[in-house]
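S.K.: Below are the sequence and a predicted model for it; my questions follow.
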Amino acid sequence: MCAYRVLVVDDSAFMRKIITDLIVRDESFNIVGTAANGKEAVEKVKELQPDLVTMDVEMPEMNGLEALPLIMAAHPLPVIMLSGINEQGMKETIMALEAGAFDFIRKPSIAHAQDIEQVSKALLEQMHTAMQAVRSRLERKEANERKAALEQAKKMPQEKSLGQAVTEKRAGSQASTDKPPVVPAAPSPAVSAQPKRDASKSVPAAAKQETKRQQSGTSVTAGRIEQPAAQPSKSVQASTVQKKEDLSKGMGRTPGKLNSSNTAADKSLHGKDKAGLVKPEPRKTVSSSATPIPAAATPPVTAPTVPAAPKGFSLKKGVYTSSFRKLVAVGCSTGGPRALKTLLERIPGDFPAPIVIVQHMPPNFTRSLAQRLNTLSPLRVVEAEQGMTLETGTAYIAPGGYQLRIVPGAGGKYTVSLKMEEARNGHRPSVDTMFESLLSLTSLERHLVLLTGMGSDGAKMMKKLYDAGVQSTFAENEETCVVYGMPRSAVELKCVRHLLPMQEIAPKLVQVVK
């Protein structure tokens, strides 16, 4: 197997050397180039076509956050951000994850060899996970293409058999009688030229011809124009034809004078191919005298969305109360910041339950994540603190470095408990630890959500809660996951009630909880 090609981007030559040395320890990866800033990185990506990029967040001339969308537009690939622990670096890292970065690691401290080893292990693990995600995506795409090809192959014999049956039926019908088939009167020159005319004129022409045939009693051969079982009265037909003519006169006649509400319908009636011929459109039988409504006049049905808050300002509409009977618990890891953004932007501020979130992240980064999400969501979003009382309309992010539990408090309230315990499933905070604390809270209606992330954290305790009677369980499906690990584990344990793409989880959750 060929080694994956990696581009290392950092403004420090010394740090580029350290990162390069860490990567080449693994023979699965090969360094194909380095870059000193974001501008150079964009050029190198186009030139070298790497499989993966490691990129510093803070750089002169063009930083990692500015370079990321340019790289993703030119050559989409996994980008792992290297972040400093200062406040600005953490904020930009969170924004980079929202913009499509695969994941991030802290920059190693060159003064501590142990820290370098820890960063090396984390970096290589993320790089392997990123390439596995790319392989899985390609395999899924190929599988879908094969499935589509097989379905098309199955349809072809059926279509062929149907065509042969129709041909044989027509041949048998003609052979069964000595009389020549009834042929309709030759159409007028205007009708015979119909394919080259404006589509809006063909509708009333066809309607008039059909009316004339019905009045004269002329029989129509099979395969020409199907006659409906019940026909409208002559006055209704005349009214319908007249309204169609009025509609055709008012649409598409004078360039530059189209009414904006009719534009979409006009395009659908006047679609032409490159040769200028009118594209065939399926005709609709008008069974009412009501005026036809252009398709553009009917707005499409879409999932409910929450208006975005102005930049730098969080629109908070919730009524915060510690009296509730419902609680939502969310777990995520790799790809989580972007998934949480999608989720929390679509949940209204008057949501009648608190939302407790475990996102695998180091200390301090979770605070930056909460601050960022608070500016984007109608909900109030905070980093959880010891003893904090849960309230509706609020999302709580578990702080990095602590295990979070929800415990009953005084007066029927529920509070946050934080402890610096050992890592669980390799994580602190751990989704399993948070889910486990919900087992005894039987007076609450609990709703569980597992989003993108590598590993299986959260799946085991989701299964226990599911077996204990918690039926409102959600997981992000493979199509939208950055890494389909944690949700897959829950699906394999058969404890997921709603398996949905990321953009559909919030509307469904709101519907179920409310």
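M.R.: Nice, thanks for sending it over.

S.K.: any idea of the mean pLDDT in stretch 327-335?
M.R.: Per-residue pLDDT values over stretch 327-335 give a mean of 97.

S.K.: what's the answer for stretch 484-504, then?
M.R.: 97.

S.K.: could you turn stretch 467-477 into CSV, dropping everything but the C-alphas?
M.R.: What follows is stretch 467-477, C-alpha atoms only, in CSV (Å, rounded to 0.1, in the frame of the first residue of the first chain):
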residue,chain,number,x,y,z
ASP,A,467,-33.4,-1.3,27.9
ALA,A,468,-34.6,0.6,30.9
GLY,A,469,-37.4,2.2,28.9
VAL,A,470,-35.8,5.3,27.4
GLN,A,471,-37.2,5.1,23.8
SER,A,472,-36.4,8.6,22.6
THR,A,473,-32.9,7.9,21.2
PHE,A,474,-31.3,9.7,18.2
ALA,A,475,-28.1,9.1,16.2
GLU,A,476,-26.5,10.9,13.3
ASN,A,477,-26.4,8.7,10.2
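
S.K.: State the three-state secondary structure for residue 488.
M.R.: Put simply, residue 488 is helix when judged by DSSP: H, G, I helix; E, B strand; the rest coil.

S.K.: Would you quantify the distance from it to residue 431?
M.R.: Distance, residue 488 to residue 431, by C-beta to C-beta, to the nearest Å: 14 Å. To be clear about C-beta, it is placed using only N, CA and C from the backbone, and glycine gets the same treatment.

S.K.: element containing residue 449, please.
M.R.: strand 445-450 (DSSP states H and E).

S.K.: That strand - contacts with which helices or strands?
M.R.: strand 326-332, helix 459-467, strand 473-476, helix 486-492, helix 502-513 (3 or more C-beta pairs under 8 Å, 6 or more residues apart in numbering; DSSP states H and E).

S.K.: what's the second one packed up against?
M.R.: It stands for helix 459-467. Secondary-structure packing of helix 459-467 (3+ C-beta pairs under 8 Å, 6+ apart): helix 431-436, strand 445-450, strand 473-476, helix 486-492.

S.K.: Quick one: residues in contact with that helix.
M.R.: Contacting residues not belonging to helix 459-467 are listed as 431-432, 435-436, 438-439, 446, 448, 450, 473, 486, 489-490, 492-496 [C-beta atoms under 8 Å, 6 or more residues apart in numbering].

S.K.: hmm, back to that, now do the strand holding residue 449 and helix 459-467, the angle between them.
M.R.: 150 degrees (axes from the mean of the first three to the mean of the last three C-alpha atoms, to 10 degrees).

S.K.: Now strand 445-450 - C-alpha only, CSV.
M.R.: The C-alpha trace of strand 445-450 is given here as CSV (Å, rounded to 0.1, in the frame of the first residue of the first chain):
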residue,chain,number,x,y,z
GLU,A,445,-38.4,12.2,30.3
ARG,A,446,-34.9,11.6,28.9
HIS,A,447,-33.9,12.1,25.3
LEU,A,448,-30.5,10.8,24.1
VAL,A,449,-28.5,11.9,21.1
LEU,A,450,-25.2,10.6,19.7
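
S.K.: Give the pairing partners of that strand; include direction for each.
M.R.: Take DSSP bridges as the rule and strand 445-450 pairs in its sheet with strand 326-332 (parallel), strand 473-476 (parallel).

S.K.: could those strands go into a markdown table alongside mean neighbour count?
M.R.: As requested, the strands paired with strand 445-450 are exported to a markdown table (neighbours: other C-beta atoms under 10 Å):
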| stretch | mean neighbour count |
| --- | --- |
| strand 326-332 | 25 |
| strand 473-476 | 26 |
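
S.K.: Nearest to residue 110, out of these?
M.R.: strand 326-332 (31.5 Å; C-beta to C-beta).
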